[in-house]
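Visitor: 3D model of this:
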Amino acid sequence: MRLTDLHPTGVLAPEVSPESAREIQAWKALAKVIDPEISQPITKLGMVAAVEFSGENIEVVIRLTISGCPMRETISADVTRALEDLVSGNVTVNLQSMTKEQRLALQDDLTGARPKNPFGKDSLTKIYAVASGKGGVGKSTITANLAAGLARTGLSVGLIDADVYGFSIPRIMGISTKPTKVQDMILPPVAHGVKVMSIGLLVAKDQPVVWRGPMLHKALQQFITDTYWGDLDVLLVDLPPGTGDIAISSAELLPDAQLLVITTPESTSSDVAARAGQISIQTHQPVAGVIENMGPMELQDGTVVNIFGSGGGIAVSEHLTSVLEKDIPLMATIPLDPTLRSDSEKGIPSVIASPNCSAASALSKLVHELASAPRSLFGRKLPVSPR
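Guide: Here you go, the predicted model:
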């Protein structure tokens with residue numbers, strides 16, 4: 001018996017035959033298979049076209065969003081695992097692709113009831129825009145580790161690489177897969193449990209991006225509005241260094257974002273980082289705190305070396321506290337640790353690859369602080385009125 005577009009309630013009527021009961025069991029099992037790009041059950045997405053038993057064998061027809069779906073092997077393996085306990089014979093997964101009409105229906109189902117900008121005013125997603133005054137302070141490495149660490153706590157996490165000219169997130173996260181395009185909707189690739197979008201996933205590895213301000217704004221806008229992010233708990237945005245076009249566009253497109261300011265201990269870096277934090281005055285985005293990277297390095301004999309000096313993080317914290325007239329804490333000091341660099345080059349954030357190294361330990365503490373932090377009420381109208 002072949003069933004098409006069946007959505008069982010899970011309640012068996014007395015007259016249901018044993019064969020139909022097995023098919024309903026199969027649909028229940030398939031409902032536990034989650035599409036890795038959309039993060040929803042494949043049954044809900046209309047990807048299960050048919051289920052058919054033949055003795056002790058079962059064949060399932062799965063409609064992929066596109067013929068070249070990069071997750072086809074993962075989906076096929078997940079479907080096989082979900083069904084193998086239901087039969088003593090073989091599980092056959094027949095992969096097909098959706099028609100244009102089915103893709104349009106899927107896009108409408110996923111985005112029809114959502115606002116064009118899912119991270120606009122009053123979004124329920126906690127958004128952290130990671131900023132620095134200058135390059136070379138490890139901003140992207142810190143951002144990638146925070147994203148991977150937050151995902152490991154069970155949160156749904158997205159990461160936008162907004163550093164269009166100097167993108168590095170794809171390499172640090174170990175991503176080479178291009179985003180999947182379903183009609184006008186972009187499905188971001190997933191790495192280490194994090195949904196990621198970067199211009200580096202759309203251009204050749206060594207291709208420079210030579211764009212003026214309007215093009216930069218359009219790219220960031222597409223990352224935010226044309227990408228299907230689903231229901232994110234946290235979105236991290238890796239901003240380019242400085243206070244230029246992308247920083248301004250980010251404030252416009254992500255009005256509820258909080259800034260995380262990255263600096264190093266040296267005064268040259270901290271002076272510039274303070275200016276990056278002060279953009280809050282113009283953009284009206286709150287500064288969540290300061291993160292000092294490349295801090296004291298402990299050698300194998302226990303000697304502590306301040307290779308980049310000391311005091312930069314607390315200096316930025318105190319300066320921003322004074323200028324913004326609000327407590328801006330030094331949230332963490334990340335030790336200088338070669339492991340952080342080597343893991344990034346392998347495409348595995350240290351919070352996953354080397355959780356016991358000194359840098360990963362400090363980052364993990366920061367992850368738990370961010371995960372438990374309440375959403376900012378900065379500039380938000382509270383639902384109360386005077387009596």
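Visitor: Can you check the pLDDT for the one residue sitting closest to the centre of the chain?
Guide: For the chain, the residue whose C-alpha lies nearest the mean C-alpha position (CA atoms, centre = their mean) is residue 158; its distance is 1.8 Å. Predicted confidence (pLDDT) for residue 158: 97.
Visitor: now do the one 10 residues further on
Guide: Listed pLDDT for residue 168 reads 93.
Visitor: Show the contacting residues for it.
Guide: Going by CB atoms under 8 Å, 6 or more residues apart in numbering, residue 168 touches 140, 161, 200. C-betas here are computed from N, CA, C, even on glycine.
Visitor: and which of those residues is nearest to residue 250?
Guide: Distance to residue 250, by CB to CB, is smallest for residue 161 among the contacts of residue 168, at 12.2 Å.
Visitor: Counting neighbours, what do you get for that closest one?
Guide: 28 (other CB atoms under 10 Å).
Visitor: I'd say it and residue 169 touch.
Guide: Yes - judged on CB atoms under 8 Å, residue 161 makes contact with residue 169 at a distance of 3.7 Å.
Visitor: Now for those two: what residues contact both?
Guide: In contact with both residue 161 and residue 169: 140, 196, 198, 200, 238, using CB under 8 Å, 6+ apart.
Visitor: Columns distance to residue 209 on top of the residues you listed, output as a markdown table?
Guide: Shown next, in a markdown table, are these (distance: CB to CB, whole Å):
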| residue | distance to residue 209 |
| --- | --- |
| 140 | 16 |
| 196 | 17 |
| 198 | 11 |
| 200 | 9 |
| 238 | 15 |
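Visitor: Scan those and report the most crowded one.
Guide: residue 238 (28 neighbours).
Visitor: Tell me who's in contact with that one.
Guide: Residue 238 is in contact with 130, 139, 140, 143, 144, 159, 160, 161, 162, 163, 169, counting by CB under 8 Å, 6+ apart.
Visitor: one step back: can you tell me which of the shared contacts of residue 161 and residue 169 is nearest residue 30?
Guide: Closest to residue 30, out of all of those and judged by CB to CB, is residue 196, at 27.0 Å.
Visitor: check which helix or strand covers that closest one.
Guide: Assessed by DSSP states H and E, residue 196 sits inside strand 194-198.
Visitor: can you tell me which residues contact residue 40?
Guide: Residue 40 neighbours (CB under 8 Å, 6+ apart): 34, 230.
Visitor: could you redo the last one with a cut-off of 10 Å?
Guide: 34, 47, 109, 110, 230, 231 (CB atoms under 10 Å, 6 or more residues apart in numbering).
Visitor: what are the pairing partners of the strand or helix carrying the residue nearest to the centre of the chain, and which direction each?
Guide: If you go by DSSP H and E, residue 158 is part of strand 157-161. As defined by DSSP bridges, the strand partners of strand 157-161 come to strand 194-198 (parallel), strand 234-238 (parallel).
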